[in-house]
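1. Fold the following for me, if possible:
(one chain, ligands or ions: 3)
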Amino acid sequence: MENQSNFIKTIMEQDLESGKHKKIVTRFPPEPNGFLHIGHARAIIQNFELAKHFGGYTNLRYDDTNPAKEEDKYVKSIREDIEWLGYTPANVYFASDYFEEMYNRAIILIKKGLAYVDNSTPEQIAEDRGSLGVAGKLSPYRNRSIEENLELFEKMRNGEFKEGECVLRAKIDMASPNMNMRDPILYRISYAHHHNTKDKWCIYPMYDYAHPLEDAIEGITHSLCSLEFEDHRPLYDWVVKETEMPLVPRQIEFGRLGIENTVMSKRYLLQLVQSKTVTGWDDPRMPTLSGLRRRGYTKDAIKNFILSTGLSKINSTVSSDMLEAALRDDLQNKAKRVMGVIDPLKVTITNYPENEVEHIGVPYNSDNEELGSRDVIFSREIYIDREDFVLEKPNKKYKRLALGIEVRLFHAYFIKANEARFDKDGNIIEILATYDPETKSGSGFDARKPNGTIQFVSSKNLLKTKFNYFEPMILDTDSNLDLLERFNKDSWEIKEGFVEKSIINCSINDKFQLLRHGFFNVDKETTKDLLVLNEIVSLKKSY
Ligand code: ATP
Ligand code: MG
Ligand code: MG
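-> Ligands and ions are numbered 1, 2, ... in the order given. As a prediction, the model looks like this:
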């Protein structure tokens, strides 16, 4: 897994060889304004795996510089998700713990004549920034004296101005071809309550000022970020240099990961949660790590998937097929295999004695003895999937039960359907069948070939089960439409049925393969009377 090579690894190797760094230090810097999603998993896995590969370490740093959107519940969930992926940060820091140092570094800039307090309105500042090929307009406040700037900045900090009344800007180059260098805003006023520093501060650093300082303060050697920050790199370097930070981190951009038929940005995910379009951040349809976990996705499958997508300098959107294949690979030998029937149809074995039951010892997974074995129960009254029966065999390819046709029941006997019973609306409610005692599984019987093999559950061995099936949240790719209109309203289907009682003592998040159906995860809504299973992935893509 970790032998994979990528362009960032190459840079790190060179930096160690040249002696530029003795140790590799990376960080994962989420803003605690939502739950982590599978795109974040790329950043987490790459940061941790790269540092680990070189014997270095990785910090978790909450990038909490925007009080209005940040909450403690996100702080908590982020930590849990990272641990779930199997990573333990060397240190856990909050950017807000550096506010004092950031403030002091801003004073260095002011003293060097490299920052000024601007009283222009936000609209005016945006307008004066100009556009590509057209130089911006100098602010009338650009030439304030150092003394005046120091005094005004202190007043900003002391809460003497209203929100929006003024900002602190870097004095760089209003004609720069890079718009980010046209006197970017460094500090703004906000009276929002901060989850960590409470009401201590009323000025907050902007991302482009705060982030390089956070990295430099922590001694981060390689600061990995997504591609949209490529144009911000000159400003990143400027901030580190002009604030005279002793340790110089290097920003390296990589491509963002997208997955087809879903949305990833926290802004959109929050909208789905707040509008109650989904049941919460951990809704099993969500691409959040908590949603995927609830659905039954495993950390190993996610890791293998992320590493198989590689790391390049372009954004990429991949189909979920790859992730699903990784899940099947991971669960194949790890999950117990049991029988479950969905939309059950009763079958009475008329030549089997009424009060007899047969216990058949069967391993949970013939490819993994460690999983142990259980008793499958055969009796006069059993259930099969309604889909596994038709009155008349339609064609040669049909390998299930029909009148006059014989199938094998997994682990038990051949049965032959002789008669169907109907309710007054003409629905089939029961099949009368006979079994052949000669055909017991394992007996070596081979005088006849059955018309396929199907699963069953005895009425003496059933666990009432609700099955949740999921489809993609978003079907079309037309992102011009409103998100809530694009949401696939049929993305959660509920079915009912039975599963073998052998798994009655399962725990939430245990995973099973239901023969001929797919892989399922025990949902948190399971009660002592009702097992709730989420389909993780089908056995094979059905289209
Ligand atoms: P979003 O737009 O989903 O809110 P973000 O980039 O604002 O994402 P942050 O909390 O700032 O979210 O992200 C922390 C780290 O995760 C950043 O370094 C960011 O680049 C990275 N990251 C976020 N989304 C993806 C993605 N889809 N693919 C790769 N890396 C990502
Ligand atoms: Mg961000
Ligand atoms: Mg964001």
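2. Next, whatever residue of the stretch 401-543 of the chain ends up closest to ligand 1: phi, psi?
-> Proximity of the stretch 401-543 of the chain to ligand 1 (CB to the nearest ligand atom) peaks at Leu483, 13.7 Å away. Where you see a C-beta, it was placed from the backbone N, CA and C, and this is true even at glycine. When read as degrees, to the nearest 10, the backbone of Leu483 gives phi -60, psi -40.
3. Count residues in the vicinity of the residue nearest to it when sequence neighbours are not counted, would you?
-> Counting by CB to CB, 6 or more residues apart in numbering, Tyr268 is the residue found nearest to Leu483 once chain neighbours are left out, at 5.5 Å. For Tyr268, the count of nearby residues is 18 (other CB atoms under 10 Å).
4. Please report how far Tyr268 lies from Glu525.
-> 25 Å (CB to CB, to the nearest Å).
5. Need the CA coordinates for the least confident helix or strand in the chain by mean pLDDT. PDB is fine.
-> Using mean pLDDT, DSSP states H and E, the weakest-scoring helix or strand in the chain turns out to be helix 483-486, at a mean of 89. Extracted C-alpha coordinates of helix 483-486, given in PDB (Å, rounded to 0.1, in the frame of the first residue of the first chain):
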ATOM      1  CA  LEU A 483     -29.500  20.700  -5.400                       C
ATOM      2  CA  LEU A 484     -32.700  19.800  -3.800                       C
ATOM      3  CA  GLU A 485     -34.400  19.300  -7.200                       C
ATOM      4  CA  ARG A 486     -31.500  17.100  -8.300                       C
END
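6. From the chain's centroid, how far away is that helix?
-> 20 Å (CA atoms, centre = their mean, to the nearest Å).
7. can you list contacts of stretch 400-417?
-> 339, 347, 349, 358, 360, 362, 376, 378, 382, 384, 387-393, 399, 418-420, 431-437, 439-441, 448, 450-456, 515 (CB atoms under 8 Å, 6 or more residues apart in numbering).
8. Which of the helices or strands spans Asp183?
-> Under the criterion of DSSP states H and E, Asp183 resides outside all helices and strands.
9. Extract the CA atoms of stretch 429-449 and return them as PDB.
-> What follows is the C-alpha trace of stretch 429-449 in PDB, where atoms were taken according to Å, rounded to 0.1, in the frame of the first residue of the first chain:
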ATOM      1  CA  ILE A 429     -49.400 -17.000  -0.700                       C
ATOM      2  CA  GLU A 430     -48.000 -20.500  -0.400                       C
ATOM      3  CA  ILE A 431     -46.200 -23.200  -2.300                       C
ATOM      4  CA  LEU A 432     -46.700 -26.900  -1.600                       C
ATOM      5  CA  ALA A 433     -43.600 -28.800  -2.200                       C
ATOM      6  CA  THR A 434     -42.000 -32.200  -1.500                       C
ATOM      7  CA  TYR A 435     -38.300 -32.800  -0.600                       C
ATOM      8  CA  ASP A 436     -36.200 -35.800  -1.500                       C
ATOM      9  CA  PRO A 437     -34.400 -37.200   1.600                       C
ATOM     10  CA  GLU A 438     -31.800 -38.800  -0.700                       C
ATOM     11  CA  THR A 439     -30.500 -35.400  -1.800                       C
ATOM     12  CA  LYS A 440     -29.100 -34.000   1.400                       C
ATOM     13  CA  SER A 441     -26.300 -31.600   0.900                       C
ATOM     14  CA  GLY A 442     -22.900 -33.300   1.400                       C
ATOM     15  CA  SER A 443     -24.400 -36.800   0.700                       C
ATOM     16  CA  GLY A 444     -22.800 -36.900  -2.700                       C
ATOM     17  CA  PHE A 445     -26.100 -37.400  -4.400                       C
ATOM     18  CA  ASP A 446     -25.700 -36.800  -8.200                       C
ATOM     19  CA  ALA A 447     -28.400 -38.900  -9.900                       C
ATOM     20  CA  ARG A 448     -30.300 -35.700 -10.900                       C
ATOM     21  CA  LYS A 449     -29.300 -32.100 -11.500                       C
END
